[in-house]
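Undergrad: Just to be clear, the model below is a prediction. Sequence and coordinates:
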Amino acid sequence: MIRKKVCMLGAFSVGKTSLISRYVKSLFSEKYLTTVGVKIEKKTLELNGETIQLMIWDLAGEDDFTQINMSYLRGAAGYILVVDPTRPATFQVARDVLDKVKESNMATPTVVALNKADLKDDWQVDEACLAALREQGCETIETSAKSGEGVEAIFERLTLNMMQ
């Protein structure tokens, strides 16, 4: 079995924990629980004939990623960067996070989750930040922890990228 560490990164309240809960347990809760420090979940999947166990690190959301404990990122094979398009400021947080991550791990695959697709009518997409994320090689996938839209896809896409 192949094991891969994945870190979920993004501002507070963008839905990192909810995406993990939907992916690992097929659950969604409207209740907001703040993540303190880090929480680790596991999920095993079959992809291209390989059995892969993802160790998903749910890091506490930060709006100031200069404060992030970089030791949490050590050994990560990939990152899912989560933004909440109903809050445009989370795009800039995502850019700041990506800059910080790239300082330490240049070639680590990163996928961006445009979360809360169920609230698309309320989205205020920061096109400049989105373009900058894509220019840095990040694929973007629309997700909704509430409906399940794109949740499997984002983890599978990242896993495929990590296996290359």
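TA: Everything's here; your move. Numbering: from 1, shown residues only.

Undergrad: can you map out the helices along the chain?
TA: 16-25, 89-104, 127-135, 151-163 (DSSP state H).

Undergrad: Kindly reformat these as CSV and extend each row with mean pLDDT and distance to Arg3.
TA: No exception for glycine: its C-beta is placed from N, CA and C like everyone else's. Supplementary listing: the helices of the chain in CSV, determined by pLDDT from 0 to 100; distance: least, Cβ to Cβ, whole Å:
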stretch, mean pLDDT, distance to Arg3
helix 16-25, 96, 15
helix 89-104, 85, 20
helix 127-135, 86, 27
helix 151-163, 97, 11
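
Undergrad: Please identify which of those helices is closest to Thr51.
TA: helix 151-163 (11.4 Å; Cβ to Cβ).

Undergrad: measure the residue of the chain most remote from its centre to Met163 for me?
TA: In the chain, counting by Cα atoms, centre = their mean, Gly49 sits farthest out from the average C-alpha position, at 24.6 Å. Distance, Gly49 to Met163, by Cβ to Cβ, to the nearest Å: 11 Å.

Undergrad: hmm, back to that, before we move on, what's the pLDDT of the residue farthest from the centre of the chain?
TA: Per-residue pLDDT puts Gly49 at 93.

Undergrad: give the contact list for the most centrally placed residue in the chain.
TA: By Cα atoms, centre = their mean, the chain has its centre lying nearest to Ile80, at 2.5 Å. Residues near Ile80 by Cβ atoms under 8 Å, 6 or more residues apart in numbering: 6-9, 16, 19, 110-113, 154-155, 158.
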